[in-house]
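Asker: build me a model:
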Amino acid sequence: MQLSVYIITLNEEARIETTIKQAKKVTDEIIVVDSGSKDKTVEIAQKLGAKVIHHDWETYCKQKSFAEKQCSNDWVLMLDADEVLSEELVKELKAWKKTTPEFNAYKLKICNMFPNDKKPRRFTHSFNVVRLYNRQFAHMPEDLMNKDRIKVDNNQKIGQFKNVIHHFCILSLEQATAKYNIHSSELVKTLAKNKRKISKLRIFTEFPRQFLHYYFGKRYCLLGTEGYIQALVLANFRFLKIAKYYEFVQKEKSKKSN
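Answerer: Take a look at the predicted model:
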């Protein structure tokens with residue numbers, strides 16, 4: 001069975017090498033869609049044998065939908081540049097490729113990792129989503145929702161892999177702050193498209209509410225100092241989304257009144 005991996009990138013020289021090296025162990029084609037990196041991302045990806053295609057940035061979903069369409073195989077695996085296949089998952093995928101798939105879409109568990117972690121911490125946050133699928137039965141939607149979630153045909157049952165992807169979402173506070181600043185701006189487009197109404201009260205409650213959600217609800221309180229810092233960063237990201245949308249709405253009202 002032939003399998004393609006697709007990845008979107010922008011200035012990912014610090015992480016893309018490990019991601020591609022692990023992916024190469026199980027895939028027959030790696031597609032990297034870059035939106036204008038100024039560092040060595042493109043050079044590293046090309047040296048590792050990936051097919052690199054430039055595509056100007058639109059939204060997360062549109063970028064990934066474009067990348068999906070560049071794959072030459074029906075079976076595809078979607079990875080982010082900060083996601084690394086664990087050795088256990090590599091073995092599981094190799095074995096799976098030798099079989100006739102029971103399902104046309106599979107969920108993979110993605111575990112958050114801190115810098116220098118070799119394996120997921122005991123209480124680390126994780127999420128379980130479809131990442132491996134046959135394009136005849138599932139696809140990456142081309143929309144503005146920015147949820148980058150695969151849409152599976154309604155009549156399809158979904159399988160589950162046992163082993164995990166390691167998610168190195170934070171390299172440093174500077175990198176994380178820049179990343180979430182961009183992402184919060186993208187999410188404002190979603191709110192604007194849907195003409196969402198958001199109470200002004202959320203400007204005052206969003207940060208503390210989201211901090212409690214991550215620190216206690218998502219168990220970051222069990223991850224020590226790093227967990228505390230990450231809960232603060234994530235709460236600030238959620239606050240920025242609401243604050244930026246409030247700013248957007250006020251600007252639109254001002255335009256109409258002039």
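Asker: report all helices and strands that the helix or strand hosting E68 contacts.
Answerer: Secondary-structure element containing E68, defined by DSSP states H and E: helix 60-69. Judged by 3 or more C-beta pairs under 8 Å, 6 or more residues apart in numbering; DSSP states H and E, the packing partners of helix 60-69 are strand 3-9, strand 29-34, strand 75-78. C-betas here are computed from N, CA, C, even on glycine.
Asker: same list (those strands) but as TSV, adding distance to K200.
Answerer: Below are those laid out as TSV (distance: least, C-beta to C-beta, whole Å):
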stretch	distance to K200
strand 3-9	35
strand 29-34	39
strand 75-78	37
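Asker: Q22: which of those is closest?
Answerer: Among the helices and strands packed on helix 60-69, the nearest to Q22 by C-beta to C-beta is strand 3-9 (9.9 Å).
Asker: contacts for the closest one?
Answerer: With C-beta atoms under 8 Å, 6 or more residues apart in numbering as the test, strand 3-9 has contacts from 16, 19-20, 23, 26-35, 37, 41-42, 45, 50, 60, 63-64, 67-68, 70-73, 75-81, 93, 97.
Asker: tell me the helix or strand right after it.
Answerer: helix 16-24.
Asker: just the CA coordinates of that following helix, formatted as PDB?
Answerer: Taking C-alpha atoms only, helix 16-24 is exported to PDB below (Å, rounded to 0.1, in the frame of the first residue of the first chain):
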ATOM      1  CA  ILE A  16      10.800  19.900  10.500                       C
ATOM      2  CA  GLU A  17      13.900  17.600  10.300                       C
ATOM      3  CA  THR A  18      12.800  15.200  13.100                       C
ATOM      4  CA  THR A  19       9.200  15.300  11.800                       C
ATOM      5  CA  ILE A  20      10.200  14.300   8.200                       C
ATOM      6  CA  LYS A  21      12.800  11.700   9.300                       C
ATOM      7  CA  GLN A  22      10.200   9.800  11.300                       C
ATOM      8  CA  ALA A  23       7.600  10.100   8.600                       C
ATOM      9  CA  LYS A  24      10.000   8.700   6.000                       C
END
